[in-house]
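Trainee: Below is the sequence, then the predicted model.
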Amino acid sequence: MPRRSVLTERQRSALFDLPTDQATILRHYTLTDDDIEHIRTRRHSHNRMGFALQLCAFLYPGRLLSPGETIPLEVSQFIAAQLGEQPDALACYAETDVTRRRHLADLRELYGYKMFSGRGTRDLKAWLEEQAETAPSNRDLAQKFVEECRRTQTILPGVSVVERLCADALVSAERKIESQIVGQLSDETREQLDALLIEMVDGKVSRFIWLRQFEVGSNSPDASRLLDRLEHLQGLKVPPSLLDGIPPNQITRLRRQGERYFADGLRDITSDRRLAILAVSAVEWHAAIADAVVETHDRIVGKTWRDAKKICDARIADAKSALRDTLRSFKSLGAALLEAKGDGASLDIATETACGWHQLEGLVATAAKLTDTMAADPLSHVAQGFHRFRRYAPRMLRALEVHAAPVAEPLLAAATIIENGQNSELQPVAFLRRGSKWHRHLNTCDEDKHRLWEVAVMFHLRDAFRSGDIWLAHSRRYADLKQALVPIEAAKATPRLTLPFEPGAWIADRKARLADGLARLAKAARNGSTPGGSIENGVLKIDRLSSAVPKEADELVLDLYHRLPAVRITDLLLEVDNDIGFTDAFTHLRTGSPCKDRVGLLNVLLAEGLNLGLSKMAEATHTHNFFQLSRLSSWHIESDAINRALAMVISAQSGLPMAAHWGGSVTASSDGQFFPAARQGEAMNLINAKYGSDPGLKAYTHVSDQFGPFATQNIPATVNEAPYILDGLLMNDTGRKIKEQYADTGGFTDLVFAVISLLSYHFIPRIRDLPSKRLHLFDPAAAPKELRGLVGGKIREGLIVQNWPDVLRSVATMAAGIMPPSQLLKKFASYPRQHELALALREIGRIERTLFIIEWLLDADMQRRAQIGLNKGEAHHALKNALRIGRQGEIRDRTSEGQHYRMAGLNLLAAIIIYWNTKHLGQAVTARKRAGLNCSPALLSHISPLGWAHILLTGEYRWKNQSRKPL
């Protein structure tokens, strides 16, 4: 079988070397009384030490000691201390192999250890092949094998044998999965899949490459291009059930290969593997393209609404002059009539004198027209989008496998009329709510009523997809929400879910907390002792927080950064990789093998982080050309690898002594950072007026109290940031350890308050317009008189009780990581007003928001913690702005995937710099202490590792003493 390089040197050492850290030594090498009794039976000191050492090596890492192996001093000292011996007694151990072999036999007899041979070996190999099918990486498989050997007391073979066994098992598992997939394909389907590599589209690209080149669009031609691909995939008749029973990691592996290979490369590989890649790609792309069609339709609806609103705004602007003249004329007429009435003169004569009856009729007609213009809403003009929808809507409805909840069945019936192109006189409106504005417009529309009706159907389809009332089969983003939610039994077994299973206990606790908080706040209001504000006559006033940074901190910052060595960015990357080995995370997407070309990989990561792109990096470095960098990028750079590397850097930075001065990695802040983008064709470049008239996207980043940016994700510039807070907390290990989360005003909604509190996070948003927010209570009438002006409504307790099981299921689904929390929260926010689960979560959020407001007003320390946390996030933005030096700071990638890699690479580079700064700031503090200068912890807590003036970011990117390994 083919052999693979499974592990890096660092990974081999982690699995097979004797430990040197105190915690691992204490855990595995603490000898029992029986152990010491067996050891005491050896006659000489050096034999007792050697026997004990071999026993410890069997316990952990589970292998034989090699002849002449150097034993870590920490291990020999720990064993010697337990036996009352001298560590240097080991020097005389096993001067002959006979002693060592005799001790090995005695240990096997006493403790039941067995060598890696015979039937046990065959059983372990079979076990290893089963594990290889679900192992997420080569390292994980090797780790599982080592742990299984320890469990079964099988002495580990040599590291090369372990790697060979893992490589064989991985190859065997891959071939088994590929044969399983291909075995379900008919001969006709196999021929169609192979034809994808031969057939050309427009004489330019193969059908295979054409199928994978898709992005969410914003107009009807984009929708048509997506539907072309969707319909072609449907013609292949590759059923989604083909992947039933296939481990998700194997599906991901094959799909990623389909996204990287070109047609000629696929034609050159074996039949089963080629067909498996094509089949998996067809199924996965079918679901992704269907989602892209729905998202494109969503954007077209939004564009239609914005265009209609622009028409309204333009007409109102055009009418301002006529409105001013009409009002002036009516003012003159009114003044004349009032004067005539006061003088007892004829009103008819006054009217004739002022403007005349004929002109008055014109003024009234103009006023009526202006009244209609000023009162018009965008729905009056949305019918102009009819032709947009007509170009793709019937095809879209025929191509998508749409399912509907009972509440949306009337809408689905109306959509079927459009799909089939039936008589336009059939215009059912049962899908509209009774109080909908659409009724009025449809009733008053005569000429183009059928057009307005079709537009109404397409608008409501968008809303139904958003809310989940309508869904797609086999979708990632628009699947059936009820099937996505975990069962109530699984929700109750979720470890992170600490809620009571009965709502009564939770409600009683909240009532008690509200009563206590209101009493304390009312007392503070009476005494005028509300920190940072006051409550007078039911009106809340907030004072600005004063700065708490001592003046000495500025001097300390300047001195510490002056002590940092100047460093090239290339040398910085090499130093951090030598410390951490974060490049080990970037394995080959097909084989899982470590990347052997470390400098080339660092060049690619630097190109992403500095926003240079591979072509500019190839010109700026002396080690690699564009083709080599492109190949490394295609086969080693992907989201999971970047996330693993980021986790390694964040964990290492958190363990540095200097980081302890900034926090315990238990609090975090999150905020969005806007990045401008070029104007043509990017997937997410939407314009947000908050950031000006240029298009762009936002990177929403979570930063720990130790300054580590442990999570980032790209979001459109126009969306609300609030749903994405939980993504960073629940989708990685660092986020799950956070206890207190800070966010700016953009991260605040009642739904977010509800879910974050139900997941046991302490949520502290900075609410800009806090005085305008109202308190919601179970019994508003019982509120203290000092606070009644702040009370806004009553909590609907019954709604929470009725929907408590679904509340538990929703929160457990987020905690389990089955779908991104932002996706679920956006569905809840899009539900129709009568949907009870969304309303129940809103009520829970109002309770939590009320409790938060009370605590915020009474706790000045909470306010200051939030301010410090948010300041760390904003300072982090400044570092990223300094790093994205390429392309004038614009993100010019045309695809959302390219934009994602650009932002993720920037975040990883920022984390690497933060690690290097933290390490060297700690060394500068040590030097300062030697000089007898003040380095008190109170001052060090105000230091930041976000400086970059000492780092050379521009110029040629040269790598010292590094020879490039050929690809």
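Mentor: Arrived safely.

Trainee: need the contact list for the closest residue to Arg274 other than its chain neighbours.
Mentor: Excluding the flanking residues, the one nearest Arg274 by Cβ to Cβ, 6 or more residues apart in numbering is Leu266, at 5.4 Å. Heads up, the C-betas are built off the backbone N, CA and C, glycines and all. For Leu266, the contact set (Cβ atoms under 8 Å, 6 or more residues apart in numbering) comprises Leu197, Phe208, Arg274, Ile277, Leu278.

Trainee: Just the element for Ala287, please.
Mentor: Per DSSP states H and E: Ala287 is located in helix 271-343.

Trainee: mind listing what's buried in the following helix or strand past that helix?
Mentor: Note on helix 271-343: by DSSP H and E, the next helix or strand toward the C-terminus is helix 347-354. Residues of helix 347-354 classed as buried: Ala350, Thr351, Ala354 (neighbour count, 16 or more other Cβ atoms under 10 Å).

Trainee: residues contacting the first one?
Mentor: By Cβ under 8 Å, 6+ apart, the contact list for Ala350 reads Ala336, Leu337, Glu339, Ala340.

Trainee: could you dump stretch 774-788 to PDB, C-alpha only?
Mentor: What follows is stretch 774-788, C-alpha atoms only, in PDB (Å, rounded to 0.1, in the frame of the first residue of the first chain):
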ATOM      1  CA  ARG A 774     -37.800  50.300  29.400                       C
ATOM      2  CA  LEU A 775     -38.000  47.700  32.200                       C
ATOM      3  CA  HIS A 776     -40.300  44.800  31.800                       C
ATOM      4  CA  LEU A 777     -41.800  43.200  34.900                       C
ATOM      5  CA  PHE A 778     -44.100  40.300  35.800                       C
ATOM      6  CA  ASP A 779     -46.200  42.800  37.800                       C
ATOM      7  CA  PRO A 780     -45.600  46.400  36.700                       C
ATOM      8  CA  ALA A 781     -48.200  47.700  39.200                       C
ATOM      9  CA  ALA A 782     -45.900  46.500  42.100                       C
ATOM     10  CA  ALA A 783     -42.900  48.500  40.900                       C
ATOM     11  CA  PRO A 784     -41.500  51.000  43.400                       C
ATOM     12  CA  LYS A 785     -42.800  54.500  42.700                       C
ATOM     13  CA  GLU A 786     -39.300  55.800  42.000                       C
ATOM     14  CA  LEU A 787     -39.000  53.500  39.100                       C
ATOM     15  CA  ARG A 788     -42.500  53.500  37.600                       C
END
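
Trainee: can you give me how far it is from the chain middle?
Mentor: Centre-to-centre, stretch 774-788 and its host chain are 38 Å apart (Cα atoms, centre = their mean, to the nearest Å).

Trainee: Go through it and flag the buried ones.
Mentor: Leu775, His776, Leu777, Pro780, Ala783, Glu786, Leu787.

Trainee: Need the contact partners of it.
Mentor: The contact list for stretch 774-788 (Cβ under 8 Å, 6+ apart) reads 511, 514, 518-519, 521-522, 525-526, 535, 538, 790-795, 797, 843, 846-847, 849-850, 853-854.

Trainee: try 7 Å
Mentor: Stretch 774-788 has contacts (Cβ atoms under 7 Å, 6 or more residues apart in numbering) with 511, 514, 518, 521-522, 525-526, 535, 538, 790-795, 797, 846-847, 850, 853.

Trainee: Check stretch 128-148 too.
Mentor: Contacts of stretch 128-148 (Cβ under 7 Å, 6+ apart): 6-7, 11, 15, 61-62, 124, 127, 156, 162, 165-166, 169-170, 172-173, 177, 247, 249-250, 587, 592.

Trainee: taking those one by one, which sit in helices?
Mentor: Here DSSP state H is the test, and the contacts of stretch 128-148 give 11, 15, 124, 127, 162, 165-166, 169-170, 172-173, 177, 249-250 as lying in helices.
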